[in-house]
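Participant: Return a 3D structure for these sequence lines:
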Amino acid sequence: TAANCCRNLDYAPGIRPGTIEYGTDTTRAMMGIAFSGDAVRYPDIQFIWSHAGGSAPFLLRRLESAGNRVPDALPNGFTAEMGKYYYDTASAYNRGALLALMEMVATTQIVFGTDFPPGETSADLAAALEATGLFSESDMRLINRENALRLFPRFI
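Facilitator: Down below sits the predicted model:
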């Protein structure tokens, strides 16, 4: 997917706009939920944001500052509202992306994601996640299983 403004970008042969736009679209959606006040208005909705929140963790200071300009929509700030949601690890199997995400949310809010069918196998991605060295054994249990079970208790 790509926003209308970005559909005709030709970075190079075989490099589609989705290479950057998937994560950017995720951030646009998060901003829409936050800045419209919907995050506060509908507190029981549990979103799972893909791609570790897209570019939002990298732009966190800017988004927090923007949130301060709409105090009715975000009385506790952007980070507080976004911190109650979940974030999958799809396309975020590197230390930089995961460290940025961990600045925004606790590991209790991170779930394993794969972007299946494109890309590597689930086993490859699980190994890559572990290889970052960022997570303890108990963190890995949360990410790989426990957080999802909290979200979907009927699957227990």
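
Participant: mind listing what the residue positioned nearest the centre of the chain touches?
Facilitator: With distances taken as Cα atoms, centre = their mean, the residue of the chain nearest its centroid is Gly53 (2.1 Å). Contacts of Gly53 were listed using Cβ atoms under 8 Å, 6 or more residues apart in numbering, and they are 26-27, 30, 82, 87, 101, 104-105. Where C-beta positions appear, they are placed from N, C-alpha and C, glycine not excepted.

Participant: So for the closest residue in space to Thr132 that isn't next to it in sequence, what pLDDT did the model give?
Facilitator: In space, and not counting its chain neighbours, Thr132 is closest to Arg95: 5.1 Å by Cβ to Cβ, 6 or more residues apart in numbering. For Arg95, the pLDDT comes out at 94.

Participant: Counting neighbours, what do you get for Ala92?
Facilitator: Neighbours of Ala92 under the rule other Cβ atoms under 10 Å: 26.

Participant: so what's it up against?
Facilitator: With Cβ under 8 Å, 6+ apart, Ala92 has these contacts: 51-52, 98, 101, 113.

Participant: go on, Ile156?
Facilitator: Ile156 neighbours (Cβ under 8 Å, 6+ apart): Leu149.

Participant: quick one: it and Leu142, what's the gap?
Facilitator: When Cβ to Cβ, to the nearest Å is the yardstick, Ile156 and Leu142 sit 15 Å from each other.

Participant: just checking, next helix/strand downstream of the biggest helix by length in the chain?
Facilitator: Assignment by DSSP state H gives helix 18-35 as the longest helix of the chain. Counting by DSSP states H and E, the next helix or strand C-terminal to helix 18-35 is helix 38-41.

Participant: Could you list the residues in contact with that next one?
Facilitator: Identification of contacts with helix 38-41 by Cβ under 8 Å, 6+ apart yields 32-33, 73-75, 81-82, 84.
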